[in-house]
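Colleague: Generate coordinates for the sequence data below:
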Amino acid sequence: MKLRVLVAAFAALFALQSGAANAATSTSRTSAKAAATAKSTAKKVAVKPKAAAASSAAAKKAAAKPAVKGKVASKAKATKKSAAKAGARGKAAPVRVTLRKAAPAAAALAPAAVLASEPDEALAVDAGGMPVLGSSAFYVINQNTGEVLLERNGSAVLPIASITKLMTAMVVLDSGLGLSEQLVITEGDIDRLKGTGSRLSLGTTLTREDMLHLALMSSENRAASALARNYPGGEAAFVEAMNVKARLLGLWNTRFHDSTGLNPANVSSPRDLAKLVAASASYPLIRQFSTSPERYVDINGRTHRFGNTNSLVRSPEWAISVSKTGYISEAGRCLVMQTWLHQQPVVMVLMDSQGRYTRTADAKRVRKWLEQNTTQRVAAAGKGIDG
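Modeller: Residues are numbered from 1 along each chain as shown. Have a look, this model is predicted:
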């Protein structure tokens, strides 16, 4: 009896241990399976962003390809068009030699290249305290004392364009020819060199005085040509008189080949031009005509308005006694003036600038710089001269 009870107890204990082992094994397998499933899911989730990123990159690359291709095609088309134009002309476009340099690092806020496209007179200075200008060569001097107030490339010999007409005017007035004599515009006055136009059509008849006025104020090339052509001995004698006058004034870097300035062989230096302006200021008619804001002229029964090529002469802020602008591609834009600061004559010569407004904007910057830095010195010099 006791033996049966003992056997039954051992059997029950064995069964209990086997059930616990199976349960643990099942639980372990279930946990492992769940972990494997979670790991697989995590891998899939991690792979999806990579695939999305790759897909996005591929999309961007595909989108970029047409744009680049279009840009290259456009560039090739432009190049082909330029080549066709060059071939049609039969020669390469002329290259203008310039003295222009990059603006100093200290003036990075307003370099010359930026100033050249702006009509205002924003003032920036370089490391040496000099104003940053868009003109590659300039010369500013107190005419009374001879003190050089500002200079860069003052001795550089450059084309001077229509600044030439100041010498043209002096030679005409020195000749003593009658200012009321009627002059006629002919074929010989047409610009065959640069192809510039004019409102002075063939057959236009004006007095020598009117021709001189339009040449100085509006830079009329046909008027300047007619003045030279009607000089005793013709244009050749007139140009010779221009060069003789230059030697008499001590303009050793100056040469003239025509009366208009359309010929780029008309050259001078900023220092020479300062002397030319000073000499021009001694002629009352040059002072009057070169600073006239406008003039109405009757041409073949119609009234035409001619304006001054220097807008500063119309400004009440400026007192300008002599003014002349100039432009051809070889010379850039030029401006020379005799203006007044504290009752002192100051000559400004600005050469080889780019941009429509650069030369007048540079003149404003020079004036502002003079007012900020040298006004006291200019005024003191004036007191000394007056005694």
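
Colleague: can we go C-alpha only for contacts and neighbour counts from here?
Modeller: Fine.

Colleague: Where does the prediction get shaky in the protein?
Modeller: Residue ranges of the chain with pLDDT under 70: 1-121, 374-387.

Colleague: got a list of what V172 touches?
Modeller: Neighbour list for V172: L227, Y231 [criterion: Cα atoms under 8 Å, 6 or more residues apart in numbering].

Colleague: That one in helix, strand or coil?
Modeller: helix (DSSP: H, G, I helix; E, B strand; the rest coil).

Colleague: That one and T260: what is the separation?
Modeller: 13 Å (Cα to Cα, to the nearest Å).

Colleague: Could you do S329 as well?
Modeller: S329 sits 15 Å away from T260, going by Cα to Cα.

Colleague: Using the three-state scheme, assign the nearest residue to R305 once chain neighbours are set aside.
Modeller: In this structure, R305 finds its nearest non-sequential neighbour in Y296, 4.5 Å apart by Cα to Cα, 6 or more residues apart in numbering. At Y296 the chain is in strand, as set by three-state DSSP.

Colleague: Ok, L150 next?
Modeller: Once three-state DSSP is applied, L150 turns out strand.

Colleague: For it, grab the count of nearby residues.
Modeller: Here the count is done by other Cα atoms under 10 Å, and L150 has 18 residues near it.

Colleague: Check H257 too.
Modeller: Applying other Cα under 10 Å, we find 20 residues neighbouring H257.

Colleague: I'd guessed it sits against V239; true?
Modeller: Yes: counting by Cα atoms under 8 Å, H257 touches V239, with 6.1 Å between them.

Colleague: which stretches of this protein form strands?
Modeller: 135-142, 148-152, 158-159, 182-184, 205-207, 267-268, 294-299, 302-307, 320-328, 332-341, 344-353 (DSSP state E).

Colleague: can you list the ones you listed in JSON lines and add distance to S218?
Modeller: Shown next, in JSON lines, are these (distance: least, Cα to Cα, whole Å):
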{"stretch": "strand 135-142", "distance to S218": "22"}
{"stretch": "strand 148-152", "distance to S218": "28"}
{"stretch": "strand 158-159", "distance to S218": "19"}
{"stretch": "strand 182-184", "distance to S218": "18"}
{"stretch": "strand 205-207", "distance to S218": "15"}
{"stretch": "strand 267-268", "distance to S218": "21"}
{"stretch": "strand 294-299", "distance to S218": "8"}
{"stretch": "strand 302-307", "distance to S218": "6"}
{"stretch": "strand 320-328", "distance to S218": "9"}
{"stretch": "strand 332-341", "distance to S218": "13"}
{"stretch": "strand 344-353", "distance to S218": "18"}
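
Colleague: Go through those strands and name the closest to L285.
Modeller: Among the strands of the chain, the nearest to L285 by Cα to Cα is strand 320-328 (10.0 Å).

Colleague: If you count contacts, what does the closest one end up packed against?
Modeller: Here strand 320-328 touches helix 284-290, strand 332-341, going by 3 or more Cα pairs under 8 Å, 6 or more residues apart in numbering; DSSP states H and E.

Colleague: How about the contacts made by L212?
Modeller: By Cα under 8 Å, 6+ apart, L212 lies in contact with A169, A223, A224, L227, F289.

Colleague: List just the nearest of these to T303.
Modeller: Closest approach to T303 among these (Cα to Cα): A223, at 16.8 Å.

Colleague: just checking, the closest one touches T207?
Modeller: No: judged on Cα under 8 Å, A223 makes no contact with T207 at a distance of 10.1 Å.

Colleague: And the two? Which one has more around it.
Modeller: A223 (28 against 15).

Colleague: Contact partners for that one?
Modeller: Applying Cα under 8 Å, 6+ apart to A223 gives the contacts I185, D189, L200, M211, L212, L214, A215.

Colleague: Inside helices: which ones of the residues you listed?
Modeller: The helices, defined by DSSP state H, take in M211, L212, L214, A215 from these.

Colleague: could you dump those to JSON lines with distance to F138?
Modeller: Shown next, in JSON lines, are the ones in helices among the contacts of A223 (distance: Cα to Cα, whole Å):
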{"residue": "M211", "distance to F138": "30"}
{"residue": "L212", "distance to F138": "27"}
{"residue": "L214", "distance to F138": "26"}
{"residue": "A215", "distance to F138": "24"}
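
Colleague: and of the residues you listed, the nearest to I163?
Modeller: Nearest to I163 out of the ones in helices among the contacts of A223 is A215 (Cα to Cα; 10.5 Å).

Colleague: isn't that closest one right next to T164, touching?
Modeller: No: counting by Cα under 8 Å, A215 does not reach T164; the two are 10.3 Å apart.

Colleague: In terms of neighbours, single out the busier of these two.
Modeller: Set A215 next to T164 and count neighbours by other Cα under 10 Å: T164 wins out with 31 against 27.

Colleague: Please name the nearest non-neighbouring residue to that one.
Modeller: T164 sits nearest to G261 (Cα to Cα, 6+ apart), 5.2 Å away.

Colleague: Now do that neighbour against C334, distance only.
Modeller: According to Cα to Cα, G261 and C334 sit 12 Å apart.

Colleague: Nice, that's everything, thank you.
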